[in-house]
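Colleague: Just a sequence and a predicted model for now, questions to come.
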Amino acid sequence: MSKTQISADQAEVIGLKALAWLMGNDELLPVFMGASGISEADLRVRAAEPEFLGSLLDFLTMDDAWVIAFCDQAGLTYETPLMARMALPGGNQVHWT
C-alpha cells in the first residue's frame, strides 16, 4: 500500500488480514483474547464488524514488533495498519489543541 488514504473497504480487508495473522500467532492470540475478553467463537462472529476490526488494529499497533511481523508477512508498509485503523469507525485522530 502506498501512503495515500485508505478507504473503509480497504481498511476492513487489512483488518481481516490482521485477524488471520493473529489467529495463526499462538503467542499473541491469547494476549489479545485476554486483553479484549473475547472468546474464539466471538472472534469468528465479530470478524465482519468494522468496529471490531478497528479494535483489533488498535491492539496490533500497540507494539512496533507486532506491526513489523504482521506487515512483513502480509507484504504491507509499516504505516498501513495505522492508516487502516484511522479509516474504520472510532479511528479519527483526536486533536487536543
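Modeller: Now that the structure is in, tell me what you want to look at.

Colleague: top helix in the chain by residue count?
Modeller: Under DSSP state H, the helix in the chain containing the largest number of residues is helix 8-23.

Colleague: Against which helices or strands is that helix packed?
Modeller: Contacting helix 8-23 under the criterion 3 or more CB pairs under 8 Å, 6 or more residues apart in numbering; DSSP states H and E are the following elements: helix 28-36, helix 50-60, helix 64-74, helix 80-87. In short, each C-beta sits where N, CA and C put it, glycine included.

Colleague: Check the ones you listed for me and report the most buried one.
Modeller: Comparing these by mean neighbour count (mean count of other CB atoms under 10 Å), helix 80-87 ranks first with a mean of 22.

Colleague: ok, residues contacting stretch 57-67?
Modeller: With contact meaning CB atoms under 8 Å, 6 or more residues apart in numbering, stretch 57-67 is reached by 14-15, 18, 22, 28, 32, 35-36, 70, 78, 81-82, 84-85, 88, 91.

Colleague: do stretch 40-47 as well
Modeller: Looking at what lies outside stretch 40-47 - CB under 8 Å, 6+ apart - the contacts are 16, 19, 23, 33, 38, 52, 53.

Colleague: Apply 10 Å and report the result again.
Modeller: Outside stretch 40-47, the residues within contact range by CB atoms under 10 Å, 6 or more residues apart in numbering are 12, 15-16, 19-20, 22-23, 29, 32-33, 36, 38-39, 52-53, 55-56.

Colleague: ok so, going back, looking at the helices and strands packed on helix 8-23, spot the one closest to residue 8.
Modeller: With CB to CB as the measure, helix 80-87 is the member of the helices and strands packed on helix 8-23 nearest residue 8 (5.3 Å).

Colleague: What does the pLDDT read for the residue nearest the centre of the chain?
Modeller: Taking CA atoms, centre = their mean as the criterion, residue 57 is the residue nearest the geometric centre of the chain, at 2.3 Å. At residue 57, the model reports a pLDDT of 96.
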